[in-house]
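K.L.:
Whatever this is, show me its structure:
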Amino acid sequence: MASILQRASHDALPLLSLASKTLRRYCTVANSEAERAIAAKLKAGLQGVTRVEVQDTSGGCGAMYRIAIQAADFKGQSIVKQHQLVHKLLAEDLKRWHGLTLETKAAE
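P.N.:
Purely as a prediction, here's the structure:
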């Protein structure tokens, strides 16, 4: 019995490996394009952006992001207000995401 299970799992490995490589290649391309699109949207919507970092933290499938942004528009605003500005700009994107880690800071 054990040899049948070992053989079945051994035979499935190439298929799993191929599927994983195909998905990873697809997500990587979409991932970098998505990150650039998000960064561009933030730069266009906020004044004085001095730093913006967007990272897909979901393994490349676009479900969760980490965004760090520094902008002049944040000066004098509470963290809550800063986050609300970002959420407003990304409202349509947020509907498709599972989660977001957001770090905002006022530009000096």
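
K.L.:
average pLDDT for whichever strand or helix holds T104?
P.N.:
When secondary structure is defined using DSSP states H and E, the element that contains T104 is strand 99-106. Taken as a whole, strand 99-106 carries a mean pLDDT of 97.

K.L.:
Please apply the same query to stretch 40-60.
P.N.:
The average pLDDT for stretch 40-60 rounds to 94.

K.L.:
Check which residues of it are buried.
P.N.:
With burial defined by 16 or more other C-beta atoms under 10 Å, the residues of stretch 40-60 counted as buried are K41, L42, L46, V49, V52, V54, D56, S58, G60. No exception for glycine: its C-beta is placed from N, CA and C like everyone else's.

K.L.:
Ramachandran coordinates for V54?
P.N.:
For V54, the backbone dihedrals (degrees, to the nearest 10) come out as phi -120, psi 130.

K.L.:
hmm, back to that, note down every partner strand of the strand holding T104 and its orientation.
P.N.:
Here the strand partners of strand 99-106, with direction, are listed using DSSP bridges: strand 64-71 (parallel).

K.L.:
now the strand it pairs with: how far from the chain's centre is it?
P.N.:
Remark: strand 64-71 is offset 9 Å from the chain centroid, using C-alpha atoms, centre = their mean, to the nearest Å.

K.L.:
K43 is in contact with E53, correct?
P.N.:
No - the pair formed by E53 and K43 falls short of the contact definition of C-beta atoms under 8 Å, at 11.9 Å.

K.L.:
Do a quick rundown of the helices in this protein.
P.N.:
Read by DSSP state H, the chain holds these helices, from start to end of the chain: 2-45, 79-89, 91-94.

K.L.:
and H87, how many neighbours does it have?
P.N.:
The burial count assigned to H87 is 13, neighbours taken as other C-beta atoms under 10 Å.

K.L.:
quick one: contacts for it?
P.N.:
With contact set as C-beta atoms under 8 Å, 6 or more residues apart in numbering, H87 has these partners: L94.

K.L.:
Tell me how far it lies from D56.
P.N.:
18 Å (C-beta to C-beta, to the nearest Å).
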